[in-house]
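Trainee: How does the following fold in three dimensions:
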Amino acid sequence: MLDDITSLHTDICRLYAHYERTIAEFAASAGSRRSIAAELVLALRMDKPQAEREISHAQTLVDRLPHTLAALETGEIDRRKAFQVVEATNVLDDDQARQADELLANRLEKTPRNLSRAIQRVIRAVDREGYDARCAKKRQDRKVTLTPQDHGMSTLSANIPCEVASAIYGSLTDAARAMRKIDKTRTTDQLRADILAERLLAAANGDGNPRTHVYVYVDLLSLLRLNNDPAYLAGYGDVPLEVIRERLFNPANTWSRLITDPDTGQLLSVGRTKYRPPADLDEFVRVRARTCEEPGCNQPAQYADIDHIHDWATGGETSADNLHGKCRHDHLLKNEPGWKYTTGPNGVTIINTPSGRTYTTAPEPLHEPRQPEDDPPPF
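Mentor: From the prediction side, this is the model:
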């Protein structure tokens, strides 16, 4: 059945690619944009904004993103991911979009969240000045919105800088977990929401500035202004270093020195033989992972469990290569029938599923592999 699902998925993607090409061809030969949109509204019984989007997406795929369209035709990506590339590259001119499309050609087989990060990294590579300028401008658009929901609930949303949002969420999580130990009547989610409300209301006449631990990864060469690589915020992705430099140098923050392999960008391994990892090994594994190491999960690793892939009870060691960061949900997955996990070097995990499929995952390197010409001049 899984083979059938995979085959059907490929057929659907191929049909969508044909659909996009046909809409683009129709748009090129059927009159004005307004007329074309009206035709689609009537023929497909969709509203006008959707029709406009259908035309725009189709033309962009055909004219600016041929590699992305080809990946849709082969079923390598689905329509949602194709549209991720379309919408993210709308800020680029035609030449930049085609460069980004070419760079993304071998990076499309990712989950939507990880694909989004890859797209942003590529966009910054082809339009660094524009990307940094847009990031700075976006921070001027911060706001809080209130959206009424049904059944007596509302959603309070804050559009704020990513490192601030991560710090707030981390602080709420730490407080909720501590309170959960003495209050079993509320879930962690409920406690996070309640603590947020209490803090906001209490902070109306006070400072309201709780501290927490956030993982921000910065290349030393960039920190010393010898390079211009972005910072990496766990659970979010790349952040232009300049826009958070002031926060990074706040004296209240703490720093950890991490040693990476210059050829691969991966953290260098350390080993231990105790059941419970000591603090330095625990942090090493979390820092290397950045997020839960199960594909498709983006829970920041500082809130995850440290899991023995090869169980301690059956001979597994408490070492860097045998310890991985997993959220509680995915930690328990390996106990389900048919799931098997084995390890490799540098955080590699090999997953065998109940359907007989095998997948290999590894943490992304903390920086791109160094080339000789990347080395800074001697001083």
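
Trainee: can you give me how far the longest helix anywhere in the chain is from the chain middle?
Mentor: In the chain, taking DSSP state H as the definition, the longest helix is helix 2-29. With C-alpha atoms, centre = their mean, to the nearest Å as the basis, helix 2-29 stands 27 Å off its chain's centre.

Trainee: how about the following helix or strand past it: buried residues?
Mentor: Going down the chain from helix 2-29, the next helix or strand is helix 33-44, by DSSP states H and E. By 16 or more other C-beta atoms under 10 Å, the buried positions in helix 33-44 come out as 36, 37, 39, 40, 41. Using the backbone N, CA and C atoms, a C-beta is placed for each residue, glycine as well.

Trainee: just those now: which is nearest residue 295?
Mentor: Set against residue 295, the nearest of those by C-beta to C-beta is residue 40 (36.2 Å).

Trainee: list the contacts for that closest one?
Mentor: Neighbouring residues of residue 40 by C-beta atoms under 8 Å, 6 or more residues apart in numbering: 23, 46, 51, 54, 55.

Trainee: Next: residue 306.
Mentor: By C-beta under 8 Å, 6+ apart, the residues touching residue 306 are 277, 282, 285, 286, 323, 324, 325.

Trainee: and the helix or strand where the fourth one lies, what's its mean pLDDT?
Mentor: Using DSSP H and E, residue 286 sits in helix 279-289. When pLDDT is averaged along helix 279-289, the result is 78.

Trainee: Alpha carbons of that helix, in PDB - could you do that?
Mentor: Extracted in PDB, the C-alpha atoms of helix 279-289 (Å, rounded to 0.1, in the frame of the first residue of the first chain):
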ATOM      1  CA  ALA A 279      26.600  18.300  31.600                       C
ATOM      2  CA  ASP A 280      29.200  19.000  28.900                       C
ATOM      3  CA  LEU A 281      28.300  15.900  26.900                       C
ATOM      4  CA  ASP A 282      24.600  16.700  27.300                       C
ATOM      5  CA  GLU A 283      25.000  20.200  25.900                       C
ATOM      6  CA  PHE A 284      27.300  18.900  23.200                       C
ATOM      7  CA  VAL A 285      24.600  16.600  21.900                       C
ATOM      8  CA  ARG A 286      21.900  19.300  22.100                       C
ATOM      9  CA  VAL A 287      24.100  21.900  20.300                       C
ATOM     10  CA  ARG A 288      25.000  19.500  17.600                       C
ATOM     11  CA  ALA A 289      21.300  18.500  17.000                       C
END
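
Trainee: who does it touch, helix- and strand-wise?
Mentor: Helices and strands touching helix 279-289, by 3 or more C-beta pairs under 8 Å, 6 or more residues apart in numbering; DSSP states H and E, are strand 305-308, strand 323-326.

Trainee: Of all those, which one is nearest residue 126?
Mentor: Judging the helices and strands packed on helix 279-289 by C-beta to C-beta, what sits closest to residue 126 is strand 323-326, at 32.1 Å.

Trainee: what residues does the following helix or strand past the closest one touch?
Mentor: Remark: after strand 323-326, the chain's next helix or strand is helix 328-333, criterion DSSP H and E. Applying C-beta under 8 Å, 6+ apart, the contact partners of helix 328-333 are 292, 293, 294, 297, 304, 305, 307, 339.

Trainee: quick check, nearest of the contacts of residue 306 to residue 128?
Mentor: Distances from residue 128 to those, taken by C-beta to C-beta, are shortest for residue 286, at 30.0 Å.

Trainee: still on that earlier bit, and of the helices and strands packed on helix 279-289, who's closest to residue 63?
Mentor: Among the helices and strands packed on helix 279-289, the nearest to residue 63 by C-beta to C-beta is strand 323-326 (42.2 Å).

Trainee: returning to that earlier point: ok, so of the contacts of residue 306, who is nearest residue 230?
Mentor: residue 286 (20.6 Å).

Trainee: Nearest spatial neighbour of that closest one, chain-adjacent residues omitted?
Mentor: Ranked by C-beta to C-beta, 6 or more residues apart in numbering and with sequence neighbours excluded, the top spatial neighbour of residue 286 is residue 301, at 4.2 Å.

Trainee: can you tell me how far the one you found sits from residue 316?
Mentor: 20 Å (C-beta to C-beta, to the nearest Å).

Trainee: Between the two, which is the more surrounded one?
Mentor: A direct count of neighbours by other C-beta atoms under 10 Å for residue 301 and residue 316 places residue 301 higher, at 25 against 15.

Trainee: what pLDDT does the more buried one get?
Mentor: Looking at residue 301, its pLDDT stands at 79.

Trainee: thinking it is in contact with residue 284, fair?
Mentor: No. Residue 301 is beyond contact range of residue 284, at 10.8 Å (criterion: C-beta atoms under 8 Å).

Trainee: mind listing what residue 21 touches?
Mentor: Neighbouring residues of residue 21 by C-beta under 8 Å, 6+ apart: 58, 62, 69.

Trainee: now those residues: which count as buried?
Mentor: Neighbour counting over the contacts of residue 21 (16+ other C-beta under 10 Å) leaves 58, 62, 69 as the buried ones.

Trainee: Okay, and which of the residues you listed map to helices?
Mentor: 58, 62, 69.

Trainee: my guess is the first one meets residue 20, correct?
Mentor: Meaning residue 58. Yes. The criterion here is C-beta under 8 Å, and residue 58 meets it with residue 20 at 4.4 Å.

Trainee: what's near enough to touch residue 87?
Mentor: Contacts of residue 87 (C-beta under 8 Å, 6+ apart): none.

Trainee: Distance of it relative to residue 17?
Mentor: 17 Å.

Trainee: same check, this time on residue 277
Mentor: Using C-beta to C-beta, residue 277 is found at 48 Å from residue 17.

Trainee: neighbour count winner among those two?
Mentor: Higher neighbour count among residue 277 and residue 17: residue 17, with 23 against 18, using other C-beta under 10 Å.

Trainee: Residue 291 and residue 299 touch, don't they?
Mentor: Yes. Between residue 291 and residue 299 there is a contact at 6.1 Å, judged by C-beta under 8 Å.
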